[in-house]
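Colleague: model the following, please.
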Amino acid sequence: MRAFNVNPIKIILQIPHFWVIIKTETTETTGIKDKEIFMISEELLLQVEKPARYIGNEINMVKKNIEDVQMRFAFCFPDVYEVGMSHLGMQILYYLLNEREDTYCERAFAPWVDMEKILRENNFPLVSLETFTALNKFDFVGFTLQYEMSYTNIINMLDLSNIPILSKDRNENSPIVCAGGPCAYNPEPLADIIDFFYIGEGEVNLDSILDVYKIFKQNGKSRNDFLKEILKIEGVYVPKFYDVNYNNDGTIKEFIPLTEDVPKKINKVLAKDIDKTYYPKKQLVPLIESVHNRAVLELFRGCIRGCRFCQAGYVYRPARERKVSTLSSQADSLLEFSGHEELSLMSLSTNDYTEIQELTDELIEKCEKNKVSIALPSLRIDAFSLDLMQKIQKVRKSGLTFAPEAGSQRLRDVINKNITEENILNGCRMAFEGGYRRVKLYFMLGLPTETDEDILAIAELSEKILRTFFELPKEERIGGITITVSTSCFVPKPFTPFQWVGQNTIEEFMRKQRLLKSSIKSKQIKYNYHDANLSYLEAIVAKGDRKICKSIVRAWEKGARFDAWSEFFDYDLWINSFSETGIDPDFYARRDIESDEFLPWEFIDIGVKREFFEGEYKNSVEEKTNFNCREKCTNADSVL
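Modeller: Model prediction:
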């Protein structure tokens with residue numbers, strides 16, 4: 001038996017695969033009560049599915065003496081450990097905040113149901129992985145909002161941490177609860193819960209927020225004074241300083257700043273020179289398998305394409321690239337410190353990176369000698385290069401994933417996908433010639449103007465791709481072929497040209513799924529589809545206003561957890577929660593919104609004007625496509 005000292009936690013027993021935490025010491029910095037003990041025994045840890053989710057001590061974990069810092073920030077990912085540890089944004093902000101000598105950024109993830117049961121039965125709080133400190137002892141508890149169906153996990157994590165769920169119920173001893181990420185572009189469904197939202201890219205102004213807090217903390221000023229002061233920082237939205245008036249029909253009449261010094265519009269924060277933006281030299285390496293076990297290089301942010309369904313393509317505009325020399329240096333560091341066997345090149349559309357050939361040539365030379373493979377997870381099939389494919393498969397060959405999104409050319413024009421059937425078949429042919437035998441194809445059902453002919457076209461296109469494989473000489477068809485067709489249910493999102501469109505009914509989605517399934521005849525084509533009930537809930541929350549916050553809280557009270565996980569999602573529970581709180585879910589998901597209606601997220605300025613979205617929606621109805629941004633800017637009047 002060996003003794004290990006980690007301040008303020010004493011870890012005094014080491015057993016295979018995990019630690020047993022048996023005592024916490026008191027310090028003035030943490031505020032933990034004198035002689036407070038959190039007993040997590042070996043017996044209890046052995047009762048959970050994966051104890052390593054809760055022990056910390058991963059490779060590259062930051063360790064600081066908490067007595068040497070003035071501020072503590074709990075970065076919270078509202079999903080299970082394996083999902084959160086695969087998130088690049090968490091990796092970036094974790095190391096960015098820990099670059100500050102006055103700040104310690106620690107992590108917390110949503111405990112799986114088995115661990116939640118143990119915490120509640122033993123009256124243990126949710127703690128950070130770095131120092132096992134209860135989250136209610138931190139200065140900031142920050143959530144990343146990656147998908148709408150994680151919101152009940154946010155409430156659950158707050159409750160497990162003994163932090164009041166509603167912002168109005170917190171006092172001067174409570175942490176500041178903040179949130180950012182892609183779903184923060186419509187913050188209103190969580191307006192009663194989150195103290196402040198950060199709209200945009202965190203590397204830009206998070207330091208400024210912490211600088212203000214440090215001064216206010218030293219001077220003993222109130223949380224309300226702090227929240228009022230940070231309104232001066234671009235990208236900060238504090239819901240308590242705004243009110244909403246409604247029309248008799250439930251639509252929003254006006255969004256009102258409560259005082260004159262509160263900004264009427266919240267501008268998105270943008271890192272204009274991404275090449276000089278902070279990027280960590282190392283990444284946390286989990287001790288158990290995560291969703292993506294790989295080092296990640298972020299090639300660029302934004303997208304040049306303008307697909308009309310894609311929120312990320314608009315809120316992350318404009319496209320900004322890192323230089324090859326910068327990425328090469330980052331790859332050296334990441335591979336040296338991580339030990340990963342795969343390097344993933346991340347962006348919304350990887351081969352739109354202007355120097356992709358030069359970059360891959362340089363990276364392959366580095367990776368081959370270390371038996372590290374390169375992954376290109378977001379390829380556009382029209383730009384697919386046989387030469388590039390052959391290069392990246394030298395170390396390890398995997399399957400390929402393409403997203404035509406729609407089966408017919410007409411519907412691809414509606415969504416501005418800007419790829420033809422010829423592009424798709426040529427790309428697949430090159431993949432087959434290069435030795436690939438597993439191809440995944442992603443489509444959406446329920447897109448605006450969709451007809452049954454468009455759905456049948458998915459099956460027809462899949463069959464054509466299969467025939468393309470059998471056009472190869474027989475000696476080149478060794479191993480056979482597997483084509484997986486996956487369909488998701490279209491969810492209209494804020495800040496897209498389709499934000500005014502009502503969603504299909506659940507029954508219509510299911511009918512379309514049955515139609516497509518019956519139309520696929522070949523055994524080599526497998527068909528998967530998403531749960532229409534879950535997509536309906538996603539649309540409600542995505543387009544919701546602050547009135548639906550009470551429904552989300554009610555769903556959590558009734559037992560909602562891990563709603564994005566099929567084994568836990570309870571559709572009837574959610575519908576009953578809406579009913580009990582007086583909310584008509586169809587009002588948000590299925591109603592076509594009038595063009596002059598004030599939208600719940602309209603007070604946020606992402607740099608793309610409403611008139612542009614209106615014009616793009618008109619173009620979609622007329623089946624007109626637009627140029628990509630490198631060919632011609634179609635948003636020339638944007639503030640960006």
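Colleague: C-alpha from now on. contacts and neighbour counts both.
Modeller: OK.
Colleague: now do the strands in the stretch 501-640 of the chain.
Modeller: 525-529, 604-605 (DSSP state E, counting those that start in this stretch).
Colleague: out of these, nearest to T103?
Modeller: strand 604-605 (29.5 Å; C-alpha to C-alpha).
Colleague: leaving out sequence neighbours, find the closest residue to C183.
Modeller: Nearest non-adjacent residue to C183, counting by C-alpha to C-alpha, 6 or more residues apart in numbering: L145, 5.2 Å away.
Colleague: out of the strands of the stretch 501-640 of the chain, flag the one nearest R322.
Modeller: Taking the strands of the stretch 501-640 of the chain one by one with C-alpha to C-alpha, strand 604-605 is closest: 25.1 Å.
Colleague: name every strand pairing with that closest one and say which way it goes.
Modeller: Strand 604-605 has the following strand partners under DSSP bridges: strand 266-267 (parallel).
Colleague: ok, the spatially closest residue to R554 that is not a sequence neighbour - how many residues close by?
Modeller: Of all residues not flanking R554 in the chain, S577 sits nearest, at 5.7 Å (C-alpha to C-alpha, 6+ apart). Using other C-alpha atoms under 10 Å, S577 has 21 other residues around it.
Colleague: which residues does the residue nearest the centre of the chain contact?
Modeller: Most central in the chain under C-alpha atoms, centre = their mean is Q146, positioned 2.9 Å from the mean C-alpha point. Listed by C-alpha atoms under 8 Å, 6 or more residues apart in numbering, the contact set of Q146 reads 181-183.
Colleague: so it, which of the three states?
Modeller: Classification of Q146 by DSSP: H, G, I helix; E, B strand; the rest coil places it in coil.
Colleague: quick one, helices of the stretch 301-450 of the chain?
Modeller: 311-315, 324-338, 356-369, 386-392, 409-414, 421-433 (DSSP state H, counting those that start in this stretch).
Colleague: among those helices, which is nearest C629?
Modeller: Using C-alpha to C-alpha, those put helix 311-315 closest to C629, at 11.1 Å.
Colleague: could you list the buried residues of the closest one?
Modeller: 311-315 (16 or more other C-alpha atoms under 10 Å).
Colleague: and those residues as TSV, adding distance to L44 and pLDDT?
Modeller: Listed next are the buried residues of helix 311-315 as TSV, based on distance: C-alpha to C-alpha, whole Å; pLDDT from 0 to 100:
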residue	distance to L44	pLDDT
Q311	43	96
A312	42	94
G313	45	93
Y314	47	96
V315	44	96
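Colleague: next up, the contacts around the residue nearest to C183.
Modeller: Per C-alpha under 8 Å, 6+ apart, neighbours of L145: 78, 151, 179-184.
Colleague: please enumerate the strands of the stretch 251-400 of the chain.
Modeller: Using DSSP E, counting those that start in this stretch, the strands assigned to the stretch 251-400 of the chain run over residues 252-257, 266-267, 295-298, 300-301, 320-321, 342-346, 373-375, 400-405.
Colleague: okay, now the sheet partners of the fifth one, with direction.
Modeller: I take that to be strand 320-321. By DSSP bridges, strand 320-321 pairs with strand 300-301 (antiparallel).
Colleague: give me the residues contacting the strand it pairs with.
Modeller: 274, 316-322, 346-348, 353.
Colleague: for burial, what's the neighbour tally of the residue nearest to P257 when sequence neighbours are not counted?
Modeller: Closest residue to P257 apart from its sequence neighbours, by C-alpha to C-alpha, 6+ apart: Y242 at 4.5 Å. The local packing of Y242 (other C-alpha under 10 Å) involves 16 other residues.
Colleague: Y242 contacts I256, doesn't it?
Modeller: Yes: if you go by C-alpha atoms under 8 Å, Y242 and I256 touch, sitting 5.5 Å apart.
Colleague: scan this protein for its longest helix.
Modeller: helix 452-470 (DSSP state H).
Colleague: now that helix - C-alpha only, CSV.
Modeller: What follows is helix 452-470, C-alpha atoms only, in CSV (Å, rounded to 0.1, in the frame of the first residue of the first chain):
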residue,chain,number,x,y,z
ASP,A,452,-42.5,11.1,-51.4
GLU,A,453,-40.6,11.2,-54.7
ASP,A,454,-37.7,12.9,-52.8
ILE,A,455,-37.8,10.1,-50.2
LEU,A,456,-37.8,7.3,-52.9
ALA,A,457,-34.8,9.1,-54.5
ILE,A,458,-32.8,8.2,-51.4
ALA,A,459,-33.3,4.5,-52.1
GLU,A,460,-32.6,5.0,-55.8
LEU,A,461,-29.4,6.9,-55.1
SER,A,462,-28.2,4.2,-52.6
GLU,A,463,-28.9,1.5,-55.2
LYS,A,464,-26.9,3.5,-57.8
ILE,A,465,-24.0,3.7,-55.4
LEU,A,466,-24.2,0.0,-54.9
ARG,A,467,-24.2,-0.6,-58.7
THR,A,468,-21.2,1.7,-59.0
PHE,A,469,-19.3,-0.8,-56.8
PHE,A,470,-20.3,-3.8,-59.0
